[in-house]
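Engineer: what follows is a predicted protein model with its sequence.
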Amino acid sequence: MPDLLQTLKDRDLDFLHRVAGLWGIDLGEQDERRALQHLIVALQDQALFWEMVESLPATARQALDDLAQRGGRLPWAIFSRRYGDIRPIGAARRERERPDLHPVSPAEMLWYRALIGRAFLDLPPVEPQEYAYIPDEWLAWLQTTPTPAPALSVRPATPTEAAHPRPANDAILDHVCTALAAWRSGRPLPELLGEIPTPVLQTLLQSAGLLDEHGQPLPESVQRFLQAPRGEALCFLFQAWRESRTFNELRLLPHLAFEGQWENNPLQARVALLSLLSPLATQPIWWSLEGFIAAVRENHPDFQRPAGDYDSWFIRRAGSEQFLRGFAHWEEVDGALVRFILTGPLHWLGVLDLAAAAPEATAPITAFRFSAWASALLAGEPPQGLAEENGQIMVQGDATLTLPPLTPRWLRYQIARFGEWLPADAQGYHYRLTPASLLRARQQGLKITYLLALLQKHATMPPPPMLIRALQRWESQGTSVRIERVILLRVNRPEVLTELQRGPAARYLAEVLSPTLALVRPGQVERLRRALAEQGYLAEVKLEG
C-alpha cells in the first residue's frame, strides 16, 4: 500500500496546510517540498494518531475501520458508495467552502486528515483499478493483520415462507439422459424437462464436457456419465458447474438483454456467493430468500463486480430499450442473479431445498435450506442414499417398450434412440418401435441385432417371438406393411375411370387400385376437381372426418 509520502507528495501547499491544521501542526513553511517533509515527520507520532482517530465521528470511524478490516483497501466505487465521495476542489474554492472543516461525507472527512488516500493499484487477480486505502503507517498502527469481513446477518424464514417445501432431488440426471438422447437423435426436447430451461441445460452439459461446441453429445464422455452411479453423476455435474468459467448465469437470465463487448466473470461471482452461503450451512433451518438477497445487497453488493462498476455493463430489460445502469438497478440485475443461482443450479444439483408460501408449482420461492446431500456435494464427494438404477424393460406385443423411472440411464439412452417417443408418465418412459424410428437408428449406426440383445438381456420377460420376427423381417426386407392416409377417387362405372385416364385429370391420379378406384396425388384435390369439370364430370368432394 502507498505510504504517507506517496499519499501526500502530489498535494498542493494549501492542502498540506489544511491537513496540518486539523492535526494541530504548525507548518510555517511556504515551500511545498519542505512543508511535506515537516508534515510527514510530525505525523509519525502514534499518540497523536490515536487522538485523531478517537475524535472522529462514528460514521468516519466506521469507514476507517471498514478499510482496516479489509486489509487497508477497498475499490473506490464501493468505498464511495458506502461512505460518500470527495469533491474535486482547488485552493480558491477550498478557501471559500472550507471542506476540511465542513466535509460533506465521511470519506471527505478522512481525506482532509490524510487518513485515507486514493490511487490506481495493480492488485491481482483483478485488473488495475482505483482504490481507497489507508497509508502504510496508519494501517500498521490500526492493526497488524486484517480481520475477515463479518458474516452476513440473514433472517430465518417465517413459517409462512417455508410452508410448502420442495426438497432437492436428483431428477436432473434423468432430464440429462432425455436431453442427450434427444440431441443425439436430432429430436426436439419433450416437455418433461420441466423447470430447467433448455439453454441452461445445454450450457451446463457443455461445461461438463458432455456436448461439443455444436451441442452434440460426445460419445465417450456421455457413456461414462450415464454408466456412473447416480451419486457420482450428481457430484460430477455439481463440480462441473461450480468450477465452470463458461457457465455464465448472468447471461442466462431470460428477462435481460446484453449489448457491447464487456465481460463478466461468472466463476468469481459463483465463488463469492457460495462463500456467503457457507456459514448458513451450519444450521439446518429454513432461511428467508429475500432476507439473504437483502443481506447481500447491504454487505456484499459487488460480489460479481470487483471494481464496483455499475455503468460499463450494457444490460437492458428484454423487449425494452431501457438500460439498467447504476446501483439503483441492483435488484433487477445482481439480485436476480442471486435468486437464479439459489433457486436454479443449487436446487437442481441437489444442494438446496426450497420452499414456497403457496402449494402451486408456479408460486414464487420464499425460503431455502441446505439439503441432506449438501455437505457431501460441497466437499466434492458423491452423496449417499440415492436410489439404485435397477429397472427393467417391459415389452408389449404391439412393439411398445416401457422403461420404469429407475431403469439404468445408459440403457434408456440407447432404447430412446431406437423408438418413437410417447408421453412419459408415472410408470416411466414409453417408446414405440416403428419403421421410421428404426431407420433413424440405422442412420446413426445402430443395428437391430443390438436392440434385440438389449431386450433379451434387460427385459422383464423375453420379447414376444412375433416382435422378434417383425424386427428381423424389417432388418432384411425393409417395411412390409404401410399404413397411411390417402384420398380416393371413386367412379360408378369402369369406363368413366378409363376416360379420365386419357384426359387432363390423369396427371392428378397417383395409382389405380381397381376398375372404379384410384388414389389422388397429395394436395391435388382442387386441381383434380377442375380437370374433371373440363372433361364433363361434376365431382362430389367429401373430405370431412
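Structural biologist: That came in fine, so what should we check first?
Engineer: so who does Ala336 touch?
Structural biologist: Leu253, His255, Leu256 (Cβ atoms under 8 Å, 6 or more residues apart in numbering). Yep, even glycine has a C-beta here, placed from its N, CA and C like the rest.
Engineer: next, count neighbours for the second one.
Structural biologist: Spelled out, that is His255. When neighbours are counted by other Cβ atoms under 10 Å, His255 registers 11.
Engineer: next up, phi/psi of it, please.
Structural biologist: phi -90, psi 0 (degrees, to the nearest 10).
Engineer: same list (the contacts of Ala336) but as CSV, adding distance to Asp302 and pLDDT.
Structural biologist: Converted to CSV, the contacts of Ala336 look like this (distance: Cβ to Cβ, whole Å; pLDDT from 0 to 100):
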residue, distance to Asp302, pLDDT
Leu253, 18, 95
His255, 21, 94
Leu256, 18, 95
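Engineer: Gly523: which of these is nearest?
Structural biologist: Nearest to Gly523 among these is His255, at 43.2 Å by Cβ to Cβ.
Engineer: so that closest one sits against Arg317, correct?
Structural biologist: Yes - in this structure, His255 is within contact of Arg317 by Cβ atoms under 8 Å, at 6.5 Å.
Engineer: what touches both of the two?
Structural biologist: Joint contacts of His255 and Arg317 (Cβ under 8 Å, 6+ apart) are Glu332.
Engineer: circling back: now the contacts of Ala336 as TSV including distance to Leu36?
Structural biologist: Listed next are those as TSV, based on distance: Cβ to Cβ, whole Å:
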residue	distance to Leu36
Leu253	51
His255	54
Leu256	50
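Engineer: between those, which is nearest Arg34?
Structural biologist: Leu256 (56.9 Å).
Engineer: nearest residue to that closest one in space, please, no chain neighbours.
Structural biologist: Ile315 (5.5 Å; Cβ to Cβ, 6 or more residues apart in numbering).
Engineer: next: Gln414.
Structural biologist: In space, Gln414 is closest to Leu454, 6.3 Å off (Cβ to Cβ, 6+ apart).
Engineer: may I ask which helix or strand encompasses that neighbour?
Structural biologist: helix 448-458 (DSSP states H and E).
Engineer: what's downstream of that helix, the next helix or strand?
Structural biologist: Next element after helix 448-458 (DSSP H and E): helix 465-477.
Engineer: and Asp136, how far is that from Leu5?
Structural biologist: 10 Å (Cβ to Cβ, to the nearest Å).
Engineer: and what of Ala376?
Structural biologist: Distance from Ala376 to Leu5, by Cβ to Cβ: 53 Å.
Engineer: who's more crowded, those two?
Structural biologist: Ala376 (20 against 14).
Engineer: the more buried one looks like it's in a helix, true?
Structural biologist: Yes - according to DSSP: H, G, I helix; E, B strand; the rest coil, Ala376 belongs to a helix.
Engineer: isn't it right up against Pro383?
Structural biologist: Yes - using Cβ under 8 Å, Ala376 is in contact with Pro383, at 4.2 Å.
Engineer: shared neighbours of those two, anything?
Structural biologist: The contact lists of Ala376 and Pro383 share Cys235, where a contact means Cβ under 8 Å, 6+ apart.
Engineer: what mean pLDDT does whichever strand or helix holds Glu137 have?
Structural biologist: Using DSSP H and E, the element containing Glu137 is helix 136-142. When pLDDT is averaged over helix 136-142, the result is 88.
Engineer: now for that helix, which elements pack on it?
Structural biologist: Packing partners of helix 136-142 (3 or more Cβ pairs under 8 Å, 6 or more residues apart in numbering; DSSP states H and E): helix 4-8, helix 46-54, helix 58-69.
Engineer: other SSEs contacting the next helix or strand after it?
Structural biologist: With elements assigned by DSSP H and E, the helix or strand that comes after helix 136-142 is strand 164-166. Contacts defined by 3+ Cβ pairs under 8 Å, 6+ apart place strand 164-166 against strand 352-356.
Engineer: give the pairing partners of the strand it packs on; include direction for each.
Structural biologist: strand 164-166 (antiparallel), strand 365-370 (antiparallel) (DSSP bridges).
Engineer: average model confidence for stretch 342-353?
Structural biologist: 97.
Engineer: quick one: contacts of the lengthiest helix in the chain?
Structural biologist: If each helix of the chain is counted by residues according to DSSP state H, the longest one is helix 171-185. Residues from elsewhere that reach helix 171-185 (Cβ under 8 Å, 6+ apart): 187-190, 192-194, 196, 198, 201-202, 205, 210-211, 215-217, 222, 225-226, 230, 233-234, 237, 348-350, 405, 409, 412-413, 416-417, 429, 440, 444.
Engineer: what about Asp212, distance to Thr449?
Structural biologist: 28 Å.
Engineer: mind listing what Thr158 touches?
Structural biologist: Ser288.
Engineer: when you give positions from now on, start the count at 49
Structural biologist: Okay, using 49 as the starting number, the last item reads as Thr206.
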